[in-house]
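J.: Sequence plus predicted model, see below.
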Amino acid sequence: MLPVAAAARRVGFSSGCDECTQAGPASQMRERHSESHRCYHRATVKSLNVERGPQGSPDRRARLAREFALWLGLCGSLPAYALQPLVTDDTGTQPRGGNQLEAAVERERLRSAGQRTTTLALPLVYTYGAIESLEVSLELRRVHVRADGSDDGRGSGNPALGFKWRFWEDEARGLSFALKPELQIGVSRESEREGLGNARTGYAATFIVSQQMPFGAIHANASVNRVGYGLTENRQANRRTLYRLSVAPVIVLSPTWQAAIDVGVTTNPDRSERARMGYVQLAAIWSPTEDIELALGIMRKVGDGEPSSHTATVGLTWRF
């Protein structure tokens, strides 16, 4: 049986509620408490690769756009945070009038043929509970790309607006479904050349399933994303419609610790490569208080050919 406080936190109920903490197992808590889930947005995974060559060259621009699209394919869209730092989202939403602020530092290192590229991203996501089963989120981010020690790009990424609606829930069974449409606002063509974002507006939609389990929960996603390339060469070199299927079991270890593994299959944006690739992510989440979480995640993309890529994410979530 799960620790009561941990089970309450995972299914989205306040561990400070006397009724919940006296209820016992998570299934009984659901029967005795009608509060909505808390939101756990996913941490994003940034993937930008820079090839040697003149600044703004066609090959470099195409590779930057392809790697940015690869990240979009993994995550579905920019603001789709889950329980940080996971890619796979869950059906939890902020309660009506509830607020959540998420900040993260994402560092990706790509290596191939003696070249090393490092991308640092700083996303900030604000989420507001409109009603008990609907939340609205807004993301802003800064991106810095360095290739072999030289600055290649620095600036703002695509702002993004998202909505998550939990449209069906069976509290007794711990099963729920949600939909999440998202809008990625275009940036400048120069930013697209530097690999910071896409010049045209893109959009995405994710179908989400969450099932509470004795050990914690399992979340699954089916996502489609339409990438808004502004440069002709990028539209020609890359697939514009990206899909993702993923699953993430989350294990409650104690009232303050959770562990997760996130695995998925997604579209490879590079038209010259096979269409399918995947990823594996390991994560740990520490909750020193009910409304604060600190998270660490490590991701490895698989089946994407060169270069090899590893991403580390450190995130902070504050609900108020």
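T.: Good, I have the coordinates.
J.: confidence score at S34?
T.: Listed pLDDT for S34 reads 37.
J.: quick one, phi psi at E190?
T.: The phi and psi values for E190, taken as degrees, to the nearest 10, are phi -60, psi -40.
J.: Could you count how many residues lie near it?
T.: Burial measure for E190: 13 neighbouring residues, criterion other Cβ atoms under 10 Å. All C-beta atoms are positioned from the backbone trio N, CA, C, and that covers glycine.
J.: shift numbering so it begins at 121
T.: Shifting the count to begin at 121 puts that one at E310.
J.: residues touching it, list them.
T.: Shown in contact with E310 (Cβ atoms under 8 Å, 6 or more residues apart in numbering): no residues.
J.: Please point out which parts of the longest strand belonging to the chain sit buried.
T.: Determined from DSSP state E, the single longest strand within the chain is strand 235-251. Going by neighbour count (16 or more other Cβ atoms under 10 Å), the buried part of strand 235-251 is 237-241, 243, 245, 247-250.
J.: If you count contacts, what does it end up packed against?
T.: Counting contacts by 3 or more Cβ pairs under 8 Å, 6 or more residues apart in numbering; DSSP states H and E, strand 235-251 packs against strand 219-232, strand 254-267.
J.: How far does that strand sit from its chain's centre?
T.: 8 Å (Cα atoms, centre = their mean, to the nearest Å).
J.: ok so, going back, which two in the buried residues of strand 235-251 are spaced the farthest apart?
T.: T237 and A250 (39.7 Å; Cβ to Cβ).
J.: low-scoring pLDDT stretches of the stretch 321-440 of the chain, where are they?
T.: 424-427 (pLDDT under 70).
J.: Partner strands of the longest strand of the chain and their direction?
T.: strand 219-232 (antiparallel), strand 254-267 (antiparallel) (DSSP bridges).
J.: gap between L254 and T213?
T.: Between L254 and T213 the computed distance is 7 Å (Cβ to Cβ, to the nearest Å).
J.: Tell me the secondary structure at E312.
T.: Recorded secondary structure, E312: helix (DSSP: H, G, I helix; E, B strand; the rest coil).
J.: Would you check that it makes contact with Y349?
T.: Yes. Between E312 and Y349 there is a contact under Cβ atoms under 8 Å: 7.2 Å.
J.: related to what we said a few turns ago, compare neighbour counts for L254 and T213 and give me the winner.
T.: Just comparing L254 and T213: by other Cβ under 10 Å the higher neighbour count belongs to T213, 30 against 18.
J.: Dig out what T238 forms beta bridges with.
T.: With DSSP bridges as the rule, T238 is bridged to R229, R266.
J.: Give me the local confidence score for it.
T.: So, for T238, pLDDT stands at 86.
J.: related to what we said a few turns ago, kindly reformat the strands paired with strand 235-251 as a markdown table containing mean pLDDT and distance to F287.
T.: As requested, the strands paired with strand 235-251 are exported to a markdown table (pLDDT from 0 to 100; distance: least, Cβ to Cβ, whole Å):
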| stretch | mean pLDDT | distance to F287 |
| --- | --- | --- |
| strand 219-232 | 91 | 20 |
| strand 254-267 | 92 | 9 |
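J.: Quick one: those strands as a markdown table, columns for distance to N354 too.
T.: Output for the strands paired with strand 235-251, formatted as a markdown table (distance: least, Cβ to Cβ, whole Å):
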| stretch | distance to N354 |
| --- | --- |
| strand 219-232 | 18 |
| strand 254-267 | 16 |
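J.: hey, which of these is tucked in deepest?
T.: By mean neighbour count, with neighbours taken as mean count of other Cβ atoms under 10 Å, strand 254-267 ranks first of the strands paired with strand 235-251 at a mean of 20.
J.: tell me how far that strand is from the chain's mean position?
T.: The chain centre lies 11 Å from the centre of strand 254-267; the measure is Cα atoms, centre = their mean.
J.: Repeat that for stretch 241-257.
T.: Distance, centroid of stretch 241-257 to centroid of chain: 13 Å (Cα atoms, centre = their mean).
J.: And for stretch 263-283?
T.: With Cα atoms, centre = their mean, you get 16 Å for stretch 263-283.
J.: First-to-last residue distance for that stretch?
T.: End-to-end distance for stretch 263-283: 24 Å, by Cα to Cα, to the nearest Å.
J.: for stretch 354-368, same thing?
T.: End to end - Cα to Cα - stretch 354-368 spans 32 Å.
J.: returning to that earlier point: residues shared between the contacts of L254 and T213?
T.: What both L254 and T213 touch, as defined by Cβ under 8 Å, 6+ apart, is the set 284-286.
J.: when you check these against the strands, which ones overlap?
T.: Those of the shared contacts of L254 and T213 lying in strands (DSSP E): 284-286.
J.: Many thanks, I have nothing further to ask.
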